[in-house]
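Q: after the sequence you'll find the predicted model.
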Amino acid sequence: MINFNQVSKYFNGKAAIRDLTLNIAKGEFTVLIGTSGSGKSTTLKMINRLIEHDEGTIRFAGEEIRGFNPQVLRRRMGYAIQSIGLFPHWTVEKNIATVPALLNWPKARVQERVTELLALLNLDNEFRHRYPHQLSGGQQQRVGVARALAADPEVLLMDEPFGALDPVTRAALQQEIIRIHQLSGRTIVLVTHDIDEALTLADKIVLMDGGRVIQQGKPVELLTRPANQFVRDFFGRSELGVRLLSLGNAGSTARRGEWLDEEPIAADTTLREALSQFIARQTDKLPVVDNQQKPLGVLHFADLLHQREGL
Ligand SMILES: Nc1ncnc2c1ncn2[C@@H]1O[C@H](COP(=O)(O)OP(=O)(O)OP(=O)(O)O)[C@@H](O)[C@H]1O
């Protein structure tokens, strides 16, 4: 859906992006991660032409992006950023409806869409009449994501959209975006410097350094088959075990046909969270329920040891 071929970008004669080749498939959740200044935001902004590339080609839906009118291109791509960028003198409703209004949607359709998005992002319907300063930081970020989704864009570009949030709100928003991705099958490209966020969200991780892609692939590939020392160090050798556990979940690892009458854990609990439960409860078996709260099986502590092969 989005293809970079040998793309370079220079600022004041200095390369910020060098020879970048990257293919983003339709419906894929791609996370760009890397050291500070490695070129993540520049890569993202080249997709919607907020920054123009100097060399190479970038194609969107088969066409070189320079062939698009930038406004038309941006309306096809939602964009959410850390600093949110909501218009302070516009209500939440008007902010969310920015692109639908540009596309001249009828008023009733806009209102309906705003209602739908407020529900999708767990925002109270009453908030539609408030101004951004009357919301908390986390609520404002949700509105920013709702605005990016408003006109049902083909691609969602997100630059540290959950930055500067407390861990609880951040985790909740990560779950929302996973749900939105699963529901809509939208192509998402997200920039973060948070390794655990990348592992939680990504179908594919692109690790950058010095304007280059160092390695790209499934999270488990970067963890278990690092291309070089940089990748190994970046993902933290001492944390490797728990990070691998964060890629698996209790539902797929639980032994079927077994049950225990104890407080169960949910099937989508990561094995990393389950490890914490094993230790906190001082047990080596935990019952697991499916999303209808029905018994699914029992997770054995010993089975965590074999995750590397299972993933
Ligand atoms: N408008 C600009 N003018 C000059 N240099 C720039 C500009 N934008 C980015 N750069 C430089 O390009 C390089 C890549 O920047 P970019 O913002 O893409 O990195 P990043 O990986 O997103 O960093 P961070 O994680 O710190 O946000 C940096 O060296 C940065 O200083």
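A: Happy to help now that I have it. Numbers count the residues shown, from 1 in each chain.
Q: now for Met158: which residues touch it?
A: Tyr79, Ala80, Ile81, Val145, Ala148, Ile177, Ile188, Val189, Leu190, Val191 (C-beta atoms under 8 Å, 6 or more residues apart in numbering). For glycine as for every other residue, the C-beta is placed from the backbone atoms N, C-alpha and C.
Q: quick check: next helix or strand after the helix or strand hosting the fifth one?
A: Same thing as Ala148. Assigned by DSSP states H and E, Ala148 belongs to helix 137-149. Sequence-wise, the next helix or strand downstream of helix 137-149 (DSSP H and E) is strand 155-159.
Q: now the helix or strand that comes right after that following strand: average pLDDT?
A: Sequence-wise, the next helix or strand downstream of strand 155-159 (DSSP H and E) is helix 167-184. Helix 167-184 shows a mean pLDDT of 84.
Q: ok but Ile58 is inside a strand, no?
A: Yes - Ile58 forms part of a strand when assessed by DSSP: H, G, I helix; E, B strand; the rest coil.
Q: since we're on it, how many residues are nearby?
A: For Ile58, the tally of surrounding residues (other C-beta atoms under 10 Å) stands at 21.
Q: next one: phi and psi at the spatially closest residue to it that is not a sequence neighbour?
A: Leaving aside its chain neighbours, Ile58 sits nearest to Ile65 (4.9 Å; criterion: C-beta to C-beta, 6 or more residues apart in numbering). When read as degrees, to the nearest 10, the backbone of Ile65 gives phi -70, psi -20.
Q: any idea how far Ile65 is from Val72?
A: Here the criterion is C-beta to C-beta, to the nearest Å. By it, Ile65 lies 11 Å from Val72.
Q: and the residue of the chain most remote from its centre, which of the three is it?
A: Each residue of the chain has a distance to the centre, and by C-alpha atoms, centre = their mean the biggest one is for Asp261: 36.1 Å. Three-state assignment for Asp261 (three-state DSSP): coil.
Q: out of everything not next to it in sequence, what's closest to it?
A: Distances taken as C-beta to C-beta, 6+ apart place Pro287 nearest to Asp261, at 7.6 Å, with adjacent residues excluded.
Q: quick check: the gap between that neighbour and the ligand.
A: Using C-beta to the nearest ligand atom, to the nearest Å, Pro287 is found at 42 Å from the ligand.
Q: what helix or strand is that residue on?
A: Using DSSP H and E, Pro287 sits in strand 285-289.
Q: need the pLDDT of the nearest residue to Asp196 once chain neighbours are set aside.
A: Nearest non-adjacent residue to Asp196, counting by C-beta to C-beta, 6+ apart: Ser246, 6.5 Å away. Ser246 is assigned 91 on the pLDDT scale.
Q: Leu103 too?
A: 86.
Q: residues in contact with it?
A: Arg75, Ala151.
Q: how near is it to the ligand?
A: Distance from Leu103 to the ligand, counting by C-beta to the nearest ligand atom: 29 Å.
Q: do the same with Gln71
A: Distance from Gln71 to the ligand, by C-beta to the nearest ligand atom: 21 Å.
Q: can you start the count at 759 instead of 1 from here on
A: Renumbered: residue one is now 759, and that last one reads Gln829.
Q: does that residue count as helix, strand or coil?
A: Applying three-state DSSP: Gln829 is helix.
Q: show me where this protein has its helices.
A: 798-805, 828-833, 850-854, 856-860, 865-878, 895-907, 925-942, 953-959, 977-982, 987-992, 998-1003, 1008-1011, 1029-1039, 1065-1068 (DSSP state H).
Q: what sits up against the second one?
A: Same thing as helix 828-833. Asn806, Arg807, Phe818, Ile823, Val857, Leu860, Leu861, Ala909, Pro911.
Q: the third one contacts Arg807, doesn't it?
A: No - if you go by C-beta atoms under 8 Å, Phe818 and Arg807 don't touch, sitting 9.7 Å apart.
Q: okay, and the common contacts of those two?
A: Phe826, Leu831.
Q: list the contacts for the closest residue to Arg944 other than its chain neighbours?
A: Nearest non-adjacent residue to Arg944, counting by C-beta to C-beta, 6+ apart: Leu914, 5.4 Å away. Each residue near Leu914 by C-beta under 8 Å, 6+ apart is listed here: Met835, Gly836, Ala838, Ala906, Leu907, Arg944, Thr945, Ile946, Val947.
Q: excluding residues flanking it in the chain, which one is nearest the second one?
A: The reference is to Gly836. Ranked by C-beta to C-beta, 6+ apart and with sequence neighbours excluded, the top spatial neighbour of Gly836 is Ala906, at 3.3 Å.
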